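Engineer: Turn this into a model:
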Amino acid sequence: MTTRTRPLIGISAYVEPADWAVWRGVPAVLVPEAYVRAVTAAGGRAVVLPPDDEDADVLAVLDGLLLAGGADVGPGRYGQPPHPRTEDRPDRDAGELALLAAALAVGLPVLGVCRGMQLLAVAYGGSLHQHLPDVVGHEEHRPAPGVYGAHPVRFAEGSLAATVLAGVRRVNSYHHQAVADPGRLTVTGWAADGVIEAVEDPGLPFVLGVQWHPENDPDPRPITALVRAAERSRSGVT
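Structural biologist: Next comes the predicted model:
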């Protein structure tokens with residue numbers, strides 16, 4: 001049997017209509033390749049995880065969990081009626097919340113990206129702003145369909161976010177929802193307009209959420225940090 005050397009990083013996936021070759025609108029399990037590239041570049045092995053709420057047994061072979069971006073978290077999960085602009089995916093919510101609960105229970109390293117950070121907040125008892133322009137009065141966090149924005153960011157001194165992102169002053173941005181209440185998580189990053197940009201759980205070795213998309217940065221530090229944390233966890237180093 002070959003000894004596994006790279007840490008296995010599970011990446012939560014979408015189910016969306018997709019086109020390829022002669023096929024049009026076929027429901028497909030997919031995730032942007034940028035996540036896979038970032039995990040691979042950091043020395044990890046990406047494992048794509050379709051929505052599945054039957055159990056979380058797959059975690060037994062994973063060394064880290066990356067909750068990817070995508071559609072909105074269902075507002076029923078945090079006790080709100082849906083905003084007209086909310087577009088949720090109940091299958092993703094159910095499958096990812098099951099994975100997340102099991103990962104947290106065993107201390108598996110977890111990174112939440114954009115929607116993934118928002119899911120972390122909901123799992124920790126928090127809530128979301130369902131349409132951010134209603135709160136901040138502008139569209140800079142999602143300037144146009146398929147167009148990333150960019151804005152300054154600051155991090156709490158001494159936090160995991162500040163350590164991982166030392167020297168980072170601006171981040172990309174593509175979201176219309178944001179964390180309103182982080183629940184039991186600690187807020188450690190903010191945009192200039194006060195929007196929460198990073199959350200973490202100081203009680204666990206590596207639980208970090210970032211509101212932007214590091215997979216599309218030339219230096220995707222949060223994903224690299226997840227892979228490093230997975231390597232330490234697998235070797236028994238905290």
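
Engineer: From now on I want contacts and neighbour counts done on CA atoms only, so please keep to that.
Structural biologist: Fine.

Engineer: can you pull the contacts of residue 74?
Structural biologist: Residue 74 makes contact with 82, 87-90, 93, according to C-alpha atoms under 8 Å, 6 or more residues apart in numbering.

Engineer: In ChimeraX, how would I select the buried members of these?
Structural biologist: In ChimeraX, this line selects whichever of the contacts of residue 74 come out buried by 16 or more other C-alpha atoms under 10 Å:
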select :89,90,93
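
Engineer: just checking, which of the contacts of residue 74 belong to helices?
Structural biologist: Applying DSSP state H to the contacts of residue 74, the entries found in helices are 90, 93.

Engineer: between the contacts of residue 74, which is nearest residue 33?
Structural biologist: Closest approach to residue 33 among the contacts of residue 74 (C-alpha to C-alpha): residue 89, at 20.4 Å.

Engineer: just checking, that closest one touches residue 76?
Structural biologist: No - at 11.6 Å, residue 89 and residue 76 do not qualify as touching, with contact defined as C-alpha atoms under 8 Å.

Engineer: helix, strand or coil for residue 125?
Structural biologist: Reducing the assignment at residue 125 to three states with DSSP: H, G, I helix; E, B strand; the rest coil gives coil.

Engineer: thought it was touching residue 180?
Structural biologist: No - with contact defined as C-alpha under 8 Å, residue 125 does not count as touching residue 180 (11.2 Å).

Engineer: Those two - which one has more neighbours?
Structural biologist: Set residue 125 next to residue 180 and count neighbours by other C-alpha atoms under 10 Å: residue 180 wins out with 18 against 15.

Engineer: For residue 132, see how far away the more buried one is.
Structural biologist: When distance is defined by C-alpha to C-alpha, to the nearest Å, residue 180 is 10 Å away from residue 132.

Engineer: Next: residue 46.
Structural biologist: Distance from residue 46 to residue 132, by C-alpha to C-alpha: 32 Å.

Engineer: So which residues of this protein form helices?
Structural biologist: Counting by DSSP H, residue ranges of the helices within the chain are 33-41, 90-106, 115-123, 133-136, 160-164, 221-234.

Engineer: deepest of those helices, which one?
Structural biologist: For those, average neighbour numbers computed from mean count of other C-alpha atoms under 10 Å are highest in helix 115-123, which has a mean of 27.

Engineer: who does residue 173 bridge with?
Structural biologist: residue 149 (DSSP bridges).

Engineer: That one reaches residue 215, doesn't it?
Structural biologist: No - Residue 173 lies out of contact with residue 215 (C-alpha under 8 Å); the separation is 11.7 Å.

Engineer: just checking, residue 216 touches residue 34?
Structural biologist: Yes - under the contact definition of C-alpha under 8 Å, residue 216 touches residue 34, with a separation of 6.3 Å.

Engineer: Tell me the pLDDT of the nearest residue to residue 35 once chain neighbours are set aside.
Structural biologist: Nearest in space to residue 35, with sequence neighbours left out and distances taken as C-alpha to C-alpha, 6 or more residues apart in numbering, is residue 215 at 5.3 Å. Predicted confidence (pLDDT) for residue 215: 97.

Engineer: tell me the contacts of residue 215?
Structural biologist: Contacts were defined as C-alpha under 8 Å, 6+ apart; by that measure residue 215 touches 34-35, 38, 223.
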